[in-house]
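Visitor: Predicted model and sequence below, questions to follow.
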Amino acid sequence: MIPESFIQDLLHRVDIVDLIDGYVPLKKAGANYAACCPFHNEKSPSFTVSPTKQFYHCFGCGAHGTAIRFLMEYSGQGFVDAVKDLAGRMGMTVPEEAGRQRHDGPRTTELTEVMGKAAQYFFDQLKQSDKAKDYLKRRGLTGEIALKFRIGYAPDGWQNLQASFPNYNAPELLTAGLVIENDQGRRYDRFRDRVMFPIINQKGEVIAFGGRVIDQGEPKYLNSPETPLFEKGRELFGLPQARQALREKNTVIVVEGYMDVVALAQHGVGNAVATLGTATTATHVQKLLRQVDRIVYCFDGDAAGRKAAWRGLENSLETLADNKSIGFVFLPPEHDPDSYVRELGREAFESMIDRAMPLSDFLLKELASHCDLTTSEGKSKLVYEAKPLIQRLSTPLLRLQLVKRLAEASGFSQGEVERLCDLKPVARAAPARAPRQAPSLARTLLRLVLHRPDLASRLPLNWLPADSVETRTLRRLCEQIGREASLPSSTLLLERLYGSDDDAVLKAAAASLLQRPLGDEEAELEFSGALARLEVNWVEQEFRRLQQKAASIGLDAEEKHEFVHLLQERERLRKAGLAAGSGD
């Protein structure tokens with residue numbers, strides 16, 4: 001693997017403005033450069049490139065990243081290929097070894113190396129197997145689409161991987177899930193006589209495989225087990241390959257099989273992904289809704305397909321926002337997405353996706369199918385079944401619409417449904433003027449630390465406010481900076497944390513730096529002010545905690561000493577003109 005020190009040096013040398021201008025003509029726009037976004041259709045430029053921060057951000061579709069990420073997004077290269085491409089332009093040689101120094105630890109690095117090597121082995125085997133190539137041709141796939149998804153073939157036999165891994169007993173092979181060890185300690189390949197679909201993460205690294213049987217056999221699909229690299233409830237097949245299509249369509253289609261994703265891409269429907277042998281999880285939904293405004297589940301119309309769709313609905317409720325939507329498509333019994341698009345074509349398939357049943361319709365229709373709405377008992381059951389689902393909805397506008405429709409179907413009034421479901425009556429709540437909120441302390445500090453990573457060493461993490469998304473990201477960012485032997489650049493930090501749970505929050509912080517660039521002197525003043533607010537809030541919080549404890553069970557000697565100290569600190573801060581209550 002490529003060492004982080006090389007990545008940092010590469011990002012320091014490359015000029016992202018020159019790089020992107022070679023693909024998309026840029027125009028000066030204040031301190032930055034702008035263009036119409038190459039990743040989605042737009043008439044006025046919202047794509048901004050910062051020469052000082054060395055990253056780009058589109059305020060239209062949310063595309064964001066470094067020079068490495070631009071090459072990956074624009075030309076479809078993997079992470080390693082993009083690094084090699086940039087290095088070649090800079091006259092630099094990519095180190096072949098030194099993978100042990102990666103930030104994610106030696107164990108993860110070794111597994112990543114093993115999976116990459118296995119993927120290359122399977123890819124090479126596909127070229128040599130007429131059986132596997134004939135199968136893909138029968139399914140209507142071309143060599144170009146096989147290359148895009150890096151499809152391979154695991155030949156029949158028990159220990160074929162030994163050709164690529166002479167040390168067949170290496171622990172990494174077992175941990176990565178490439179081999180199985182029986183009770184006698186004898187090893188054999190997990191995947192045999194299967195078309196292999198590599199599962200790739202957002203960095204372009206192979207983290208698992210899905211293998212489809214060519215002839216008859218069970219299971220039809222065999223997936224890698226969960227490993228330190230791979231958690232099936234978090235990953236989606238085809239997501240890296242779908243990036244550009246997702247931005248163009250602003251819709252993602254969730255299907256059940258790898259072959260469905262590949263066949264749809266072959267026919268020009270590039271915005272499909274598949275879950276990995278599991279139901280759609282809340283993490284899947286959250287990850288997808290960060291990238292698009294609409295998810296459409298496309299499943300078979302049988303009982304199993306409707307059950308999978310219902311699980312998707314349940315796991316979407318808490319993540320859904322009023323500006324996002326979920327739809328459902330159920331295919332005719334004789335079709336899956338692969339056969340449908342091959343027989344009827346792209347336009348027919350996309351037309352069906354456009355007409356997808358909205359989440360509210362599917363929810364009420366599915367619940368009503370289990371209730372006899374001609375009886376009082378059936379109407380009562382409908383409200384009873386809907387109650388836990390509506391309570392989980394985090395979208396006040398959609399929830400209100402569902403309550404109204406539920407009232408119509410059940411014969412109860414809207415107010416009665418709200419009371420029966422223990423809901424706050426949103427529709428009749430008196431309009432209140434919300435107080436103007438001060439900028440979040442954590443958000444302000446996150447923006448400042450991303451602007452100047454050296455500020456992380458001066459930030460008392462124990463003073464940070466109550467737990468929030470921004471606070472958690474700020475803690476992890478500071479901890480990451482503190483682990484480095486040398487101070488990393490903000491560009492490297494963004495590249496390193498790309499695709500992580502903190503990615504969306506960091507993108508927002510980076511975008512705010514483009515909207516309002518900071519000078520070093522201004523950043524220093526803003527940081528000093530934020531530290532003062534942090535101290536006031538922390539002192540007040542600790543004072544109240546001890547005050548409450550003193551009133552209930554009393555304080556020990558050490559706590560009494562601390563209480564007196566906090567009293568003195570409150571007085572000092574008051575005299576300094578700092579007031580409590582300017583918190584997060």
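Guide: Looks like it came in fine. Numbers count the residues shown, from 1 in each chain.
Visitor: With the flanking residues excluded, which residue is spatially nearest to Thr93?
Guide: Ala87 (6.9 Å; C-beta to C-beta, 6 or more residues apart in numbering). Using the backbone N, CA and C atoms, a C-beta is placed for each residue, glycine as well.
Visitor: so what secondary structure elements neighbour the longest helix along the chain?
Guide: Counting by DSSP state H, the longest helix found in the chain is helix 520-552. Judged by 3 or more C-beta pairs under 8 Å, 6 or more residues apart in numbering; DSSP states H and E, helix 520-552 is in contact with helix 441-451, helix 557-575.
Visitor: Report the rounded mean pLDDT for it.
Guide: Average pLDDT, helix 520-552: 81.
Visitor: got the angle between that helix and helix 557-575?
Guide: 130 degrees (axes from the mean of the first three to the mean of the last three C-alpha atoms, to 10 degrees).
Visitor: any idea of the angle helix 520-552 forms with helix 441-451?
Guide: Using the same axes, to 10 degrees, helix 520-552 lies at 140 degrees relative to helix 441-451.
Visitor: Assess the claim that the residue nearest to Thr93 and Asp81 are in contact.
Guide: No. With contact defined as C-beta atoms under 8 Å, Ala87 does not reach Asp81; the gap is 10.6 Å.
Visitor: Which one's more surrounded, these two?
Guide: It is Ala87, of Ala87 and Asp81, that has more neighbours when counted by other C-beta atoms under 10 Å, with 20 against 14.
Visitor: what helix or strand is that one on?
Guide: Assigned by DSSP states H and E, Ala87 belongs to helix 79-90.
Visitor: what helices or strands is that helix leaning on?
Guide: Counting by 3+ C-beta pairs under 8 Å, 6+ apart, helix 79-90 packs on helix 4-13, helix 67-75.
Visitor: residues making contact with the following helix or strand past that helix?
Guide: Next in sequence after helix 79-90, counting helices and strands by DSSP H and E, comes helix 106-128. Residues outside helix 106-128 that contact it (C-beta atoms under 8 Å, 6 or more residues apart in numbering): 1, 99-100, 102, 132-133, 146, 150-155, 160-161, 163-165, 170, 172-173, 175-176, 178, 191, 195-196, 198, 205-209, 227-229.
Visitor: Okay, and Val17 sits in which element?
Guide: Val17 is located in helix 16-21, with elements delineated by DSSP H and E.
Visitor: How far does that helix sit from its chain's centre?
Guide: Computed by C-alpha atoms, centre = their mean, to the nearest Å, the chain-centroid distance of helix 16-21 equals 27 Å.
Visitor: Each with direction, which strands does the helix or strand hosting Tyr297 pair with?
Guide: Element membership of Tyr297, judged by DSSP H and E, is strand 294-300. Partners of strand 294-300 in the sheet, by DSSP bridges, are strand 251-255 (parallel), strand 325-331 (parallel).
Visitor: and the lowest-mean-pLDDT helix or strand in the chain, which residues are buried?
Guide: The helix or strand of the chain with the lowest confidence, counting by mean pLDDT, DSSP states H and E, is helix 557-575 at a mean of 76. Buried positions in helix 557-575, judged by neighbour count with 16 or more other C-beta atoms under 10 Å: Phe563, Leu566, Glu569, Arg570, Leu573.
Visitor: Tell me the one among those residues nearest to Gln541.
Guide: For the buried residues of helix 557-575, the closest approach to Gln541 (C-beta to C-beta) belongs to Leu566, at 9.8 Å.
Visitor: Quick check: the closest one vs Ala530, distance?
Guide: Taking C-beta to C-beta, to the nearest Å as the measure, Leu566 falls 21 Å from Ala530.
Visitor: And stretch 249-262, what's buried?
Guide: Neighbour-count burial for stretch 249-262, counted by 16+ other C-beta under 10 Å, picks out 249, 251-262.
Visitor: before we move on, what about stretch 540-559?
Guide: Glu540, Gln541, Glu542, Phe543, Leu546.
Visitor: re the thing from before, run through who's touching the least confident helix or strand of the chain.
Guide: Glu535, Val536, Val539, Glu540, Glu542, Phe543, Leu546, Gln547, Lys549, Ala550, Leu555, Ala580.
Visitor: Is it possible to get these out as a markdown table so that each row also shows distance to Leu493?
Guide: Below are the contacts of helix 557-575 laid out as a markdown table (distance: C-beta to C-beta, whole Å):
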| residue | distance to Leu493 |
| --- | --- |
| Glu535 | 26 |
| Val536 | 29 |
| Val539 | 31 |
| Glu540 | 32 |
| Glu542 | 31 |
| Phe543 | 35 |
| Leu546 | 37 |
| Gln547 | 40 |
| Lys549 | 40 |
| Ala550 | 43 |
| Leu555 | 42 |
| Ala580 | 33 |
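Visitor: So, low pLDDT: which residues of the stretch 101-250 of the chain?
Guide: 101-107 (pLDDT under 70).
Visitor: residue boundaries of the helices in it?
Guide: With helices called from DSSP state H, counting those that start in this stretch, the stretch 101-250 of the chain shows them at 106-128, 130-138, 143-148, 171-175, 243-249.
Visitor: now the fourth one, how far from the chain's geometric center?
Guide: Distance of helix 171-175 from the chain centroid (C-alpha atoms, centre = their mean) equals 27 Å.
Visitor: repeat for the first one
Guide: Between the mean C-alpha point of helix 106-128 and the mean C-alpha point of its chain there is a distance of 24 Å (C-alpha atoms, centre = their mean).
Visitor: again, but for the last one
Guide: Average the C-alpha atoms of helix 243-249, do the same for its chain, and the two points are 15 Å apart (C-alpha atoms, centre = their mean).
Visitor: Could you export that helix as PDB, CA atoms only?
Guide: In PDB, the C-alpha atoms belonging to helix 243-249 read as follows (Å, rounded to 0.1, in the frame of the first residue of the first chain):
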ATOM      1  CA  ARG A 243     -21.100   8.000  -8.200                       C
ATOM      2  CA  GLN A 244     -21.400  10.000 -11.400                       C
ATOM      3  CA  ALA A 245     -24.800   8.600 -12.300                       C
ATOM      4  CA  LEU A 246     -26.100   9.300  -8.800                       C
ATOM      5  CA  ARG A 247     -25.200  13.000  -9.200                       C
ATOM      6  CA  GLU A 248     -26.800  13.200 -12.600                       C
ATOM      7  CA  LYS A 249     -30.000  11.400 -11.600                       C
END
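Visitor: Now that helix: buried residues?
Guide: So, applying 16+ other C-beta under 10 Å, buried residues of helix 243-249: Arg243, Gln244, Ala245, Leu246, Arg247, Lys249.
Visitor: Not counting its neighbours along the chain, what's nearest the third one?
Guide: When you say that, I think you mean Ala245. Gly270 is the one closest to Ala245 (C-beta to C-beta, 6+ apart), at 3.4 Å.
Visitor: ok, now which ones touch that neighbour?
Guide: Gly270 neighbours (C-beta under 8 Å, 6+ apart): Gln241, Ala242, Gln244, Ala245, Leu264.
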